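> sharing a model that was predicted from the sequence below.
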Amino acid sequence: MSLGELIRQHSMKSARSLKMLELMEAEVTKAPPELAIKLKGSDKLIIPKELIVVAEHLCEVKQQINLHADGQTEVGKQSFEMTITEVPHTVPPPTPDTSPHGHPKTMLEVALTNKSFDLKEGELHYINDDKKDDLLQKGDKVMVMTFEGGQKFFIIDRIVQY
């Protein structure tokens, strides 16, 4: 067999073993950390977590960030209910009128408008529209891409149908 024939055979074998990327719908059957999915139309075949790769925004990932806003800030009012239980008065010296005492519940409102600020080493945490963790849950429909000849499954994103 000639060298050219060996190269041709090897090339043909490699081309047959490679499978193009394929998109398919799947459903989460077990939530992380024991993640498992089943492909649409294949109810009996459950894909285990060892064969699944998940996009970072669907995982419980917290990232450290630094944030700088330069005079264009518009942070809405935040209300806090608080009770001040003791207010020590050291100057002037305590008298019956200035001794530590309690206050009723007080509402404190804080807002930032057109102010500059820096957030050092803050935390970015992905949440969904319901203000909950944006993690995969049992029953979620997901878009999956297969690769490595169908040996790995990449969950790209959650999908919704209207």
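Sure, I can see it.
> could you point out which element follows the helix or strand residue 6 falls within?
Per DSSP states H and E: residue 6 is located in helix 3-17. Per DSSP H and E, helix 3-17 leads on to strand 22-30 as the next helix or strand towards the C-terminus.
> what pairs with that following strand, and is each one parallel or antiparallel?
strand 36-39 (antiparallel), strand 141-147 (antiparallel) (DSSP bridges).
> could you give the average pLDDT over the helix holding residue 6?
Averaged over helix 3-17, pLDDT sits at 73.
> can you check stretch 52-59 too?
Mean pLDDT, stretch 52-59: 88.
> contacts for it?
Under the contact criterion CB atoms under 8 Å, 6 or more residues apart in numbering, stretch 52-59 has outside partners 32, 35-37, 126, 134-136, 152-158. Where C-beta positions appear, they are placed from N, C-alpha and C, glycine not excepted.
> run the last query once more with 6 Å
Identification of contacts with stretch 52-59 by CB atoms under 6 Å, 6 or more residues apart in numbering yields 35, 126, 136, 153-156.
> buried sites along that stretch?
By neighbour count on 16 or more other CB atoms under 10 Å, the buried set for stretch 52-59 is 52, 54, 58-59.
> can you tell me which of these are in strands?
Among those, DSSP state E puts 52, 54 in strands.
> now the buried residues of stretch 52-59 in CSV, with distance to residue 4?
Formatted as CSV, the buried residues of stretch 52-59 follow (distance: CB to CB, whole Å):
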residue, distance to residue 4
52, 42
54, 44
58, 48
59, 49
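> from the buried residues of stretch 52-59, which is closest to residue 141?
residue 58 (12.5 Å; CB to CB).
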